[in-house]
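Visitor: Sequence and predicted structure are below.
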Protein chains: 2
Amino acid sequence: MKSKRIGSRTVKLQNKPTIISTASVVGPKEGEGPLKEYFDMILKDDLCGEKSWELAESKMVEIAMKSAVKKAGKKLEDVNYLLGGDLINQLLPASFAARELAIPFFGIYGACSTMAEGMCLSSMLVDGGFADLILSGTSSHYCTAERQFRFPLELGNQKPMTAQWTTTGAGSVLIAPNGIGPKVKYVTVGKVIDKGIDDGNNMGAAMAPAAIDTIYAYFNDTKDDPNSFDLIATGDLGKLGKQITEDLLKEKGIDISKVYTDCGVEIFDLEKQDVHCGGSGCGCSASVFAGYIYNKLIKKEFNKVMLVSTGALLSPTSTLQKQTIPCVAHAVVIVNEE
Amino acid sequence: MKSKRIGSRTVKLQNKPTIISTASVVGPKEGEGPLKEYFDMILKDDLCGEKSWELAESKMVEIAMKSAVKKAGKKLEDVNYLLGGDLINQLLPASFAARELAIPFFGIYGACSTMAEGMCLSSMLVDGGFADLILSGTSSHYCTAERQFRFPLELGNQKPMTAQWTTTGAGSVLIAPNGIGPKVKYVTVGKVIDKGIDDGNNMGAAMAPAAIDTIYAYFNDTKDDPNSFDLIATGDLGKLGKQITEDLLKEKGIDISKVYTDCGVEIFDLEKQDVHCGGSGCGCSASVFAGYIYNKLIKKEFNKVMLVSTGALLSPTSTLQKQTIPCVAHAVVIVNEE
């Protein structure tokens, strides 16, 4: 059946593309957090046996991708397309993982929205009959992100309380036209929104307007009821961005407060783990979805979930040139089919 | 009609997604090259009225994207998705252009293969009924690429003769489910191939194996005849990479020599413009396709063309870590329908 566009921004997938497996890998700190029981692999050493953090990040996403395929009882050769990307310049981790996996590769970049971006594209490509199996995943690493976007770790810089802690983690999903698992029912693709925030240590506030825009577009397009969801998870606005999103959506007539959380708030214990506003990085919503949320979907503890990964599209160059931060958020609605 | 996979790598699009318009913008040096008459806009100043080269590159791709929409008699609000990316860290030019265009945005990254990557994805999304109009484009700029990947321009570094000259240019395509214009008939998505080249000044040799792999996959999947094409254009292998590709494909039984060129060889006068092996950069195959090739297709001087944009997925970080260069190439076959 041909899928249809609903309203101005949302696509309803008619052929029930199915997330037949996922896999997650996280670093030691994430492995001490509240979601530790849900991850497939917790690294003892954040170098993951490699010589550099960048190669470690690549290895993490490669492991997460291979694991998802293996868990589904498939082979890498069965996979038609691989979608991946990350925060690192020229997508070093994803590109190097794609070389190992030898699957036709689409590099994608949505900063920390990459997980949902990949899921939107993969779901549509599977739904349209262009592939029988698509693997999509992303990663981030505290040490690669810090030295690229902020300061050398050796400086031991202090961060303001609005800052977030880049998750060391990777997550992947394997999507097929049918099979056992939750289905992707709707996708709402984000516009780039920039409300003028220029502080890279306040990403939650920068990204919240993009999350609001996309979530609002979904509900406006579908007339769906927020309380019909078991969970709406943004990722990764952190504590401050989450509050802004909830409050401003309420002002616009959409009350998600009863079912709403943020992957950056969930992955760490904000009281004890000294991460200020919470987790961030592509690997945050990737590992929280592939680990925690997918697990709850499979167990039917959740039956309807919206994942809204959020990304801040800044670069160190744009910051040096005194530019503000464009942001984007993509939404994927996943259901256990009635 | 549902599209079908042919062989192991190729998709045949059944619903004739149509390139209803294109637009191209190039810098002053490209505007003195052999293809000058085909570009929509030739900049007098490569700062394009902006304060930095990065913002200039963003403006160029924004202009190319807006022009394609305007030339088709459409409005930006009519466009369902925007696909864009470039060589610059965190896709600064594309992200900033997406902010101005306010169209739901998929950031993509395939280094200099980005034009064909965007066309592959856009064609499938339109073919599958997920969008009525998709705008896709990419850019590169000599000055942004040099200072990011190589040396500050002020150093006036000499380059070896195997090096290429990053094109200052942008190109965009607008794809619809029907209308007047050539149709995208096949797409073959590239695997990441790395034969061990680690010299960023010899990209042609690094990328040629990826181009060979993808072109071979297309002909192996479809059993098509190379001589049925009016043009097979890789972009941007340059003079050396072009020769390697032609020779090694011949060894594998595929002789494309009669119809083969490379966008990097076409965009400059290699004898007179001091560009060593030729042009490179995402904007090379983008502007050559959107300018020269599309023009010939519209005039029916070409009726069957394969564009194979090629990308080297290296980063300065991977180079410093003594890694080799993973490469990728995506093929799009465009026809005037019989």
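Guide: Sure thing, it's come through.

Visitor: so what's the closest residue to chain B within the stretch 1-150 of chain A scoring on pLDDT?
Guide: The stretch 1-150 of chain A approaches chain B most closely through A:G128 (2.6 Å), counting by Cβ to the nearest Cβ. In short, each C-beta sits where N, CA and C put it, glycine included. A:G128 is assigned 95 on the pLDDT scale.

Visitor: since we're on it, how many residues are nearby?
Guide: 25 (other Cβ atoms under 10 Å in any protein chain shown).

Visitor: before we move on, what about the one 5 residues further on?
Guide: As a burial measure, the neighbour count of A:L133 was computed by other Cβ under 10 Å and equals 23.

Visitor: correct me, but it touches A:V79?
Guide: Yes. Counting by Cβ atoms under 8 Å, A:L133 does reach A:V79; the two are 4.8 Å apart.

Visitor: Where do the domain boundaries of chain A fall?
Guide: Following automatic domain parsing, one finds the domains of chain A at A:8-176, A:184-335.

Visitor: These: which one's closest to B:N227?
Guide: domain A:8-176 (26.1 Å; Cβ to Cβ).

Visitor: Look at the closest one and report the distance between its end residues.
Guide: End-to-end span of domain A:8-176 (Cα to Cα, to the nearest Å): 27 Å.

Visitor: next one: stretch A:35-47
Guide: End-to-end for stretch A:35-47, by Cα to Cα: 21 Å.

Visitor: List the contacts of that stretch.
Guide: With contact meaning Cβ atoms under 8 Å, 6 or more residues apart in numbering or on different chains, stretch A:35-47 is reached by A:23-28, A:30-31, A:53, A:56, A:60, A:63-64, A:67, A:141-143, A:168-169, A:266-267, A:287-288, A:291-292, A:295.

Visitor: Just the buried ones from those?
Guide: Burial by neighbour count, judged by 16 or more other Cβ atoms under 10 Å in any protein chain shown, picks out A:23-27, A:30-31, A:53, A:56, A:60, A:63-64, A:67, A:141-143, A:168-169, A:266-267, A:287-288, A:291-292, A:295 from the contacts of stretch A:35-47.

Visitor: Of the residues you listed, which are in range of chain B?
Guide: Among the buried ones among the contacts of stretch A:35-47, no residue lies close to chain B (Cβ under 8 Å from any Cβ of the partner chain).

Visitor: So which of the residues you listed are in helices?
Guide: A:53, A:56, A:60, A:63-64, A:67, A:142-143, A:266, A:287-288, A:295 (DSSP state H).

Visitor: Nearest residue to A:C120 in space, please, no chain neighbours.
Guide: Excluding the flanking residues, the one nearest A:C120 by Cβ to Cβ, 6 or more residues apart in numbering or on different chains is A:V187, at 4.2 Å.

Visitor: that's a strand at the one you found, yeah?
Guide: Yes. A:V187 sits within a strand when classified using DSSP: H, G, I helix; E, B strand; the rest coil.

Visitor: Now do the buried residues in the lowest-mean-pLDDT helix or strand in chain A.
Guide: One helix or strand of chain A scores below all others by mean pLDDT, DSSP states H and E: strand A:4-6, with a mean of 90. For strand A:4-6, the neighbour count (16+ other Cβ under 10 Å) marks A:I6 as buried.

Visitor: Which neighbouring elements make contact with the next helix or strand after it?
Guide: Following strand A:4-6 in sequence order, the next helix or strand is strand A:10-12 (DSSP states H and E). Judged by 3 or more Cβ pairs under 8 Å, 6 or more residues apart in numbering or on different chains; DSSP states H and E, the packing partners of strand A:10-12 are strand A:4-6, strand A:183-188, helix A:203-222.

Visitor: Low-confidence regions, the stretch 201-338 of chain A specifically.
Guide: Residues of the stretch 201-338 of chain A meeting the criterion pLDDT under 70: A:338.

Visitor: Around chain B, which positions in it sit nearby?
Guide: A:313-318, A:321, A:323, A:326, A:328.

Visitor: TSV for those, including secondary structure and neighbour count?
Guide: Shown next, in TSV, are those (DSSP: H, G, I helix; E, B strand; the rest coil; neighbours: other Cβ atoms under 10 Å in any protein chain shown):
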residue	secondary structure	neighbour count
A:L313	coil	29
A:L314	coil	25
A:S315	coil	25
A:P316	helix	15
A:T317	helix	18
A:S318	helix	26
A:Q321	coil	14
A:Q323	coil	19
A:P326	coil	27
A:V328	strand	33
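
Visitor: How much space separates A:P104 from B:T310?
Guide: Between A:P104 and B:T310 the distance is 14 Å, computed by Cβ to Cβ, to the nearest Å.

Visitor: ranges for the helices of the stretch 51-200 of chain A?
Guide: A:53-71, A:92-101, A:114-127, A:142-149 (DSSP state H, counting those that start in this stretch).

Visitor: quick one: the first one to helix A:92-101, angle?
Guide: Right, the one you point to is helix A:53-71. Following axes from the mean of the first three to the mean of the last three Cα atoms, to 10 degrees, one obtains 50 degrees for the angle between helix A:53-71 and helix A:92-101.

Visitor: Now helix A:53-71: average pLDDT?
Guide: Helix A:53-71 comes out at a mean pLDDT of 98.
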